[in-house]
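# give the three-dimensional model of this entry:
(2 chains)
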Amino acid sequence: MTSILKRGAMIAGGTLLFLGLTGMAAHHLIPHRHVPSASEFGLGPRMSATGRYQATMETDAPLRTGRILGVRLRIADSTGTPVDGAVLTVDGGMPQHGHGLPTAPRVTRALGDGRYQVDGLKFSMGGWWELRFGITNSAGADSVTFNLKL
Amino acid sequence: MPPRLLLLSFGVAVPVVLGATFGRDVDRWTDAERAEIAALELPAELVPPTDPTNRVADDSAAVQLGQRLFFDARFSSNGKVACSTCHDPAREFQDGTPLAEGVGTTTRRTMPVASTAHGTWMFWDGRKDSQWSQALGPWESPVEHGGSRAQYTHLVATYYRGEYEAIFGRLPDLARVPAHAGPVDDPAARAAWARMTALERDRVTAVFVNMGKAVAAYERRIAYGPSRFDRYAAALRATGRAPEGVLSDDEAAGLRLFVGRARCTSCHTGPLLADFAFHNTGVPQAAGAPADAGRAAGAAKVKGDEFNCRSRWSDARESCAELEFLADSGNALVQAFKTPSLRNVALRAPYMHAGQFRTLEGVIDHYDRAPTAPQGKSELQPLHLTDRERRQILAFLGALSAPLATPDSLLRAPLQPSAR
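Next comes the predicted model:
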């Protein structure tokens, strides 16, 4: 019985501590990011922030840590028409750890049919990674974010 | 109702009773914790990635030559500084002092050598992109070995001609090469270097580069070995149960903090407990030292390095993706330093890039407090650890110590001195 009470007290204490830390983080303006729900993870399709574009990542093999990787990004407009001629930027990082990408990935080729080759990606460790693509073309500028579990 | 029956009316009772009977609370791991722990376990054989930029990286004759060069103090301006002077194999290939001392005093802490073949970037700021190009830096540094590549080439011709030529082919004719010449700080050696023809300079540099490649072949063999932590992790993975008598209560509790609330695995991840990437952890500037930009300066240096992967001295100029996609701008690089392995960390005080902390207690205190960075922005957040939790993390770090997985013959100066 004592064990159970102790355990209950620990859980309550832990919860309070967690809430306390969350409060403190907010107080110090430290970004405190919760892991998105499972449905927010994956290679897409993902809608861009203002809904201009829809993007899907394509990989030849499962994404792995510790090595330089290439992926393809397929972009369509809101009607599903492939978007060619867009200018892309790549950014990202690990929201829980406060660091960005260890490399500077970029689009190396436009493959046509709304597809772009993105090279130089590297995930230095397992966990939740964010990958943000800035997309600019005649329809306007927007960004799309992928949540990846490595 | 007897107390035991009362307990059984709760869903959690059975594991609690079993736990009380058969093991310690501290050994009860969640699935997420088990996965984190398994990711840190050193496999039976952790083979370093190939280094295509060094065609002799896995050549046993090059290992032997590299070992001799590593311990040879003639390769210095005063005849007293070898690689092993600072990278002492009896001391985890480091020197136990905040700032390395060769013929002068450097501005950074000596880094250990073991398992560095697994990293992409060398030095605290990653200003080199291979073990062989790293080895060349200290030989020409005015405060480390203090000599010049022409001097070293003459030494190779005098003392190592046979071994060298068996690996790399004929040494060039050095009759016209000055005794001291190279792109170094010393004005006389610099001037002599400038007076040499481009062809003569290339011939000398080729020998110098091969010296680095031989030392890298030797260094590739130096690796961390399995610790008590790895025995614990292996048993937990294989049997699903924590083994008895491997980690103390405090060590196991420290492991829980390490993979959990203390967030150590944010950077100290994988079997070498390092992501080998660059992070600003707000480490204070060393007393009396100028500001150190860390990776912000190192990234620019490796891009322009005479001996980088894309240079004509590399044996694989076409496969340099790390350099091609180098992150070389942005505030995140300012005062960011490379994550070192935590294996054997308790055996090599002081800590950080300029030995700012004398003890691991000091390091843990720093990560707990997470002070503002002197430059750039620290990635840390305060941990609010109790004194007991700090002691537990310290205890766990001690459980990472183990003998190197390297033959004894490679951990000392070669028995046979080279012919004179």
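
# for my notes, confirm A:Asp142 occurs in a helix.
No - assessed with DSSP: H, G, I helix; E, B strand; the rest coil, A:Asp142 is strand; it does not lie in a helix.

# so what's the residue count around it?
By other C-beta atoms under 10 Å in any protein chain shown, 19 other residues sit near A:Asp142. C-beta coordinates here come from the backbone N, C-alpha and C atoms, glycine included.

# pull the contacting residues for it.
Applying C-beta atoms under 8 Å, 6 or more residues apart in numbering or on different chains to A:Asp142 gives the contacts A:48-53, A:134-136.

# give me that answer again for 7 Å
By C-beta atoms under 7 Å, 6 or more residues apart in numbering or on different chains, the residues touching A:Asp142 are A:48-50, A:52-53, A:135.

# how close does it sit to B:Asp249?
Between A:Asp142 and B:Asp249 the computed distance is 54 Å (C-beta to C-beta, to the nearest Å).

# same question, A:Val144
Distance from A:Val144 to B:Asp249, by C-beta to C-beta: 48 Å.

# neighbour-wise, which of those two wins?
Neighbour count, other C-beta under 10 Å: between A:Val144 and B:Asp249, A:Val144 has more, with 24 against 13.

# wait, doesn't the more buried one sit right on A:Ala55?
Yes - between A:Val144 and A:Ala55 there is a contact under C-beta atoms under 7 Å: 4.5 Å.

# report the set of residues contacting both of these two.
Listed as contacting both A:Val144 and A:Ala55 by C-beta under 7 Å, 6+ apart are A:46, A:48, A:133.

# burial of the second one, as a residue count?
To tie it back to what came earlier, the one meant is A:Ser48. Neighbourhood size, A:Ser48 [other C-beta under 10 Å]: 21.

# pLDDT score for it?
Predicted confidence (pLDDT) at A:Ser48: the value is 96.

# what does A:Ser78 give?
Taking A:Ser78 on its own, its pLDDT is 89.

# any idea of the pLDDT on residue 44?
Using chain A here. The model reports A:Gly44 with a pLDDT of 90.

# nope, chain B
Looking at B:Ala44, its pLDDT stands at 90.

# hmm, B:Val246 and B:Arg231 touching each other?
Yes - B:Arg231 sits in contact with B:Val246 when judged by C-beta under 7 Å, with a separation of 5.2 Å.

# so which residue of chain A comes closest to chain B?
When distances are taken as C-beta to the nearest C-beta, chain A reaches nearest to chain B at A:Gly120, 2.8 Å away.

# so what's the most centrally placed residue in chain A up against?
Central residue of chain A (C-alpha atoms, centre = their mean): A:Glu130, 2.2 Å from the mean position. Counting by C-beta under 7 Å, 6+ apart, A:Glu130 touches A:92-93, A:95, A:145, A:147.

# just to revisit the earlier point, more neighbours: B:Arg231 and B:Val246, which one.
The residue with more neighbours, out of B:Arg231 and B:Val246, is B:Val246; 19 against 16, by other C-beta under 10 Å.

# pretty sure the more buried one is touching B:Ala234, no?
No - using C-beta under 7 Å, B:Val246 is not in contact with B:Ala234, being 9.6 Å away.

# ok, back up a step: out of the contacts of A:Glu130, which is nearest to B:Ala73?
Nearest to B:Ala73 among the contacts of A:Glu130, counting by C-beta to C-beta, is A:Gly93 at 45.0 Å.

# is chain B contacted by the host helix or strand of that closest one?
Assigned by DSSP states H and E, A:Gly93 belongs to strand A:87-94. No - if you take C-beta under 7 Å from any C-beta of the partner chain as the test, strand A:87-94 misses chain B, and the best it gets is 7.7 Å.

# immediately after that strand, which helix or strand?
Later in the chain than strand A:87-94, the nearest helix or strand by DSSP H and E is strand A:99-100.

# helices or strands up against that following strand?
Packed against strand A:99-100, as judged by 3 or more C-beta pairs under 7 Å, 6 or more residues apart in numbering or on different chains; DSSP states H and E, are the following elements: strand A:87-94.

# strands paired with the strand it packs on, and their directions?
Strands that pair with strand A:87-94, judged by DSSP bridges, come out as strand A:99-100 (antiparallel), strand A:128-137 (antiparallel).

# what's the first helix or strand after the shortest one?
Think strand A:99-100. Helices and strands here follow DSSP H and E; after strand A:99-100, the next one along the chain is strand A:106-112.

# that following strand vs strand A:87-94, what angle?
In terms of direction (axes from the mean of the first three to the mean of the last three C-alpha atoms, to 10 degrees), strand A:106-112 departs from strand A:87-94 by 130 degrees.

# give the buried residues for strand A:106-112.
Across strand A:106-112, burial judged by 16 or more other C-beta atoms under 10 Å in any protein chain shown covers A:Val107.

# now the element after that strand, going C-ward?
The helix or strand immediately downstream of strand A:106-112 is strand A:115-121, counting by DSSP H and E.

# B:Glu379 and A:Pro95 touch, don't they?
No - using C-beta under 7 Å, B:Glu379 is not in contact with A:Pro95, being 11.7 Å away.

# quick one, which of these two is more surrounded?
Taking neighbours as other C-beta under 10 Å, B:Glu379 and A:Pro95 compare with B:Glu379 leading, 21 against 18.

# next, count neighbours for the residue nearest to the more buried one when sequence neighbours are not counted.
Using C-beta to C-beta, 6 or more residues apart in numbering or on different chains and skipping the chain neighbours, the partner closest in space to B:Glu379 is A:Gly98 (4.1 Å). Number of residues near A:Gly98 (other C-beta under 10 Å) recorded here: 20.

# so how far is stretch B:79-90 off the chain centroid?
Distance of stretch B:79-90 from the chain centroid (C-alpha atoms, centre = their mean, to the nearest Å) equals 16 Å.

# does B:Phe208 count as helix, strand or coil?
Here B:Phe208 is recorded as helix under three-state DSSP.

# quick check: it touching B:Gly137?
No - between B:Phe208 and B:Gly137 there is no contact under C-beta under 7 Å: 11.4 Å.

# which of the two has more neighbours?
Neighbours of B:Phe208 and B:Gly137, each counted by other C-beta under 10 Å, are more numerous for B:Phe208; the result is 22 against 18.

# and the more buried one, what does it touch?
B:136, B:149, B:152-153.

# could you do A:Trp129 as well?
Taking C-beta under 7 Å, 6+ apart, we find A:Trp129 in contact with A:92, A:94, A:123, A:148, A:150.

# excluding chain neighbours, what is closest to the first one?
In this case it means A:Gly92. A:Leu131 (4.2 Å).

# in the stretch 251-400 of chain B, what residue comes closest to chain A?
Going by C-beta to the nearest C-beta, chain A is nearest to B:Phe325 of the stretch 251-400 of chain B, at 2.8 Å.

# that'll do, ta.
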